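Asks: Just need the structure, nothing else, for what follows:
(chains A and B)
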Amino acid sequence: AQSVTQPDIHITVSEGASLELRCNYSYGATPYLFWYVQSPGQGLQLLLKYFSGDTLVQGIKGFEAEFKRSQSSFNLRKPSVHWSDAAEYFCAVGHTGGGNKLTFGTGTQLKVEL
Amino acid sequence: DTAVSQTPKYLVTQMGNDKSIKCEQNLGHDTMYWYKQDSKKFLKIMFSYNNKELIINETVPNRFSPKSPDKAHLNLHINSLELGDSAVYFCASSQGSPNQPQHFGDGTRLSIL
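Replies: Model (predicted):
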């Protein structure tokens, strides 16, 4: 069965520091991978997606992610974190079976220290 | 201008009541979804509709009944509400292809007293 693991429940970084959020997936075929961000009281906003081509994908707000098939990973990175990046981050895999559903990881809560 | 809008944003009600949540998208997408986010922030698909046809029903109790009058609307009706139904419910939409991102509404926070 498809699954997504985000090993870090909470991460705290200082403003200006670099960030890497981990995501590992289990999926039989080539995965469709997404990162979403959820600010408090808000819905989910798409940061970036991968489904083929260049394994390093650029997203909004200065985020990027790298797909590594050998490690079944799709880690999210940002070179310099801003206080406004504090939020919940979700990795998700899209299914090619009927319905196009997303299976989400459990999320990583990012706190930014000023 | 809101792409996916849900109403109401907050819903507080008592056990045993029946309630509905409405969702509308103006993105021209052909697929709509309902997700449930529990108190630990875990998101799980409940239903998916493509062009008004039910595609996914993820072992949700039959007290939950989605209705799609047209492809721009997907409403969720819940009968005989239980304490365990307390959660945030998100509507989303996309074009019907797994590589197309889903666009989410702001959620409806349902609290059962």
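
Asks: tell me the SS of residue A:84?
Replies: At residue A:84, secondary structure determined by DSSP: H, G, I helix; E, B strand; the rest coil is helix.

Asks: can you list contacts of the least confident helix or strand in chain B by mean pLDDT?
Replies: Within chain B, judged by mean pLDDT, DSSP states H and E, the helix or strand with the poorest mean is strand B:53-57; its value is a mean of 86. Strand B:53-57 is contacted from outside by A:98-101, B:31, B:33, B:45-49, B:66, B:68, using Cβ atoms under 8 Å, 6 or more residues apart in numbering or on different chains. C-betas here are computed from N, CA, C, even on glycine.

Asks: One more pass at 10 Å, please.
Replies: Residues outside strand B:53-57 that contact it (Cβ atoms under 10 Å, 6 or more residues apart in numbering or on different chains): A:95, A:97-101, B:31-34, B:45-50, B:64, B:66-68, B:71, B:96.

Asks: counting contacts, what elements does the least confident helix or strand in chain A by mean pLDDT pack onto?
Replies: Least confident element among the helices and strands of chain A, by mean pLDDT, DSSP H and E: strand A:102-104 (a mean of 91). Under the contact definition 3 or more Cβ pairs under 10 Å, 6 or more residues apart in numbering or on different chains; DSSP states H and E, strand A:102-104 sits against strand A:3-5, strand A:32-38, strand A:87-94, strand B:31-37, strand B:43-50.

Asks: and residue B:76, which of those strands is closest to it?
Replies: Closest to residue B:76 of the helices and strands packed on strand A:102-104 is strand B:31-37 (Cβ to Cβ; 5.4 Å).

Asks: could I get the helices and strands packed on strand A:102-104 as a markdown table with mean pLDDT and distance to residue B:107?
Replies: Shown next, in a markdown table, are the helices and strands packed on strand A:102-104 (pLDDT from 0 to 100; distance: least, Cβ to Cβ, whole Å):
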| stretch | mean pLDDT | distance to residue B:107 |
| --- | --- | --- |
| strand A:3-5 | 94 | 20 |
| strand A:32-38 | 96 | 9 |
| strand A:87-94 | 95 | 12 |
| strand B:31-37 | 95 | 7 |
| strand B:43-50 | 92 | 10 |
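
Asks: Now distance to residue B:56 too, for those strands, in TSV please.
Replies: As requested, the helices and strands packed on strand A:102-104 are exported to TSV (distance: least, Cβ to Cβ, whole Å):
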stretch	distance to residue B:56
strand A:3-5	17
strand A:32-38	16
strand A:87-94	13
strand B:31-37	8
strand B:43-50	4
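
Asks: For those, give me CSV that also has mean neighbour count and distance to residue B:23.
Replies: As requested, the helices and strands packed on strand A:102-104 are exported to CSV (neighbours: other Cβ atoms under 10 Å in any protein chain shown; distance: least, Cβ to Cβ, whole Å):
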stretch, mean neighbour count, distance to residue B:23
strand A:3-5, 16, 24
strand A:32-38, 24, 17
strand A:87-94, 23, 19
strand B:31-37, 25, 7
strand B:43-50, 22, 10
